[in-house]
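Asker: Requesting a structural model of the entry that follows:
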Amino acid sequence: MSRPRRLQFPSGRPLPMGRPLVVGHRGARAFAPENTLAAFDKAATLGCDMVELDVHLSRDGIAVVHHDDRLARCTDVATEFPLFAGGFVSDFSAEELRELDAGSWYVRELDLPAARRQPFLRGLTDTELAGQVPLAERARFASGAIRIPTLQEVLLFAADRDLLLNIEIKSIPRLYEGIAARVVGDVRAAGLARSVLVSSFDHAQLVQLRRLDADIATGVLSSGRLARVADYLALLDADAYHPGCHGEVDSLGFGSVDGTLDPTSRATLAELAAADHMVFAWTCNDAHRMAALAAAGVTGIITDYPNRAVAALHVQHAPTPIRWN
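Answerer: Down below sits the predicted model:
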């Protein structure tokens, strides 16, 4: 494996010491429509150091920021393109994707009883809702103005707000030809090679990215337990391990009888730290688990609720919020 790669903020300031990075999952998706500039702005306002996002390729080869393979859950594609409502992101050009409303669905979720919302919103408390999603913001989200951003747009936003980025390459089942090269090109053009970590469940994409670029950090995403993780990262010349830590993807053992971090997992995390590897645990919305992960020495905690992480980790200085016109 080559030299350890170090992340730094776009401004060049050092990483915080003594605590994990707070990483907004798809932005701060509990409080704004996921994977949009509004969600990334909310994450920065709440004190995130980094935001996690997902990229696909449009039909014309543009890296666009969206989680699902298809568009129905988080856009109005059924209204705008009714004949193609079941299509994949890659069936649409970047310009066509730009026509979609990517915000109103979130407001409709908030109007539902908690038990009927999407799972990540069922734990949203009334206090959090009132404090973090005021009526003016809900109106903006519902206005039709929230769009699917391109990766280039998010990179510019990150540079402006001094945020680190955790970019997940989406691949399976689409197997986008050239997506790693496109991501590398966009990151390089933005001058953010040292402020970006690229991750994927498709580890072949990480190998391809490393062939293209020696400096951008990469991370192995996994929803199951891996053996000899440090050896595997070395094999891929990767820098980080991204284990799941909730529900059916809890590979760290929180779901065991006593609800604490599994001893084998603690040993793995210690081994990775000793080998200078980063660890980003996903997706943690529970303050007690956040504290346990911090005690275990993880590099970052990926969460839908950055406000809870900021409180649990005693983050002192939140970034200044951007002013929207």
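Asker: For the stretch 51-200 of the chain, which segments count as helices?
Answerer: Counting by DSSP state H, counting those that start in this stretch, residue ranges of the helices within the stretch 51-200 of the chain are 77-80, 94-98, 104-110, 126-132, 135-141, 151-161, 179-190.
Asker: Which strands or helices does the third one pack on?
Answerer: With contacts defined as 3 or more Cβ pairs under 8 Å, 6 or more residues apart in numbering; DSSP states H and E, helix 104-110 has these neighbours: helix 135-141. Heads up, the C-betas are built off the backbone N, CA and C, glycines and all.
Asker: Can you lay out the helices of the stretch 51-200 of the chain as TSV showing mean pLDDT?
Answerer: TSV is the format used below for these (pLDDT from 0 to 100):
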stretch	mean pLDDT
helix 77-80	96
helix 94-98	98
helix 104-110	98
helix 126-132	96
helix 135-141	97
helix 151-161	98
helix 179-190	98
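Asker: Just tell me which of those ends up closest to residue 42.
Answerer: Of all the helices of the stretch 51-200 of the chain, the one in closest proximity to residue 42, counting by Cβ to Cβ, is helix 126-132 (7.4 Å).
Asker: Identify each buried residue in the closest one, please.
Answerer: Applying a neighbour-count criterion of 16 or more other Cβ atoms under 10 Å, the buried positions in helix 126-132 are 129, 132.
Asker: what does that helix contact?
Answerer: 28, 30, 31, 42, 46, 110, 305, 307 (Cβ atoms under 8 Å, 6 or more residues apart in numbering).
Asker: Tell me the gap between that helix and the middle of its chain.
Answerer: Taking Cα atoms, centre = their mean, to the nearest Å, the mean C-alpha location of helix 126-132 is offset from the chain mean by 22 Å.
Asker: what do you get for stretch 115-125?
Answerer: Between the centre of stretch 115-125 and the centre of its chain there are 19 Å (Cα atoms, centre = their mean).
Asker: now stretch 158-177
Answerer: For stretch 158-177, the distance to the chain centre is 8 Å (Cα atoms, centre = their mean).
Asker: Report the separation between the two terminal residues of it.
Answerer: 26 Å (Cα to Cα, to the nearest Å).
Asker: Also stretch 251-264?
Answerer: Across stretch 251-264, first to last residue, Cα to Cα, it's 11 Å.
Asker: Show me which residues of that stretch are buried.
Answerer: Neighbour-count burial for stretch 251-264, with 16+ other Cβ under 10 Å as criterion, is recorded at 251, 252, 253, 254, 261, 262.
Asker: Which parts of the stretch 201-325 of the chain are strands?
Answerer: Along the stretch 201-325 of the chain, the stretches classed as strands by DSSP state E, counting those that start in this stretch are 217-222, 240-243, 278-281, 300-303.
Asker: most neighbours per residue, which of those strands?
Answerer: Of all these, strand 300-303 has the most neighbours on average by mean count of other Cβ atoms under 10 Å, namely a mean of 29.
Asker: tell me the contacts of the nearest residue to residue 46 once chain neighbours are set aside?
Answerer: In space, residue 46 comes closest to residue 306 once its chain neighbours are excluded; the distance is 4.2 Å by Cβ to Cβ, 6 or more residues apart in numbering. Taking Cβ under 8 Å, 6+ apart as the contact definition, residue 306 lies against 22, 24, 28, 43, 46, 47, 48.
Asker: Right, I'll call it a day here.
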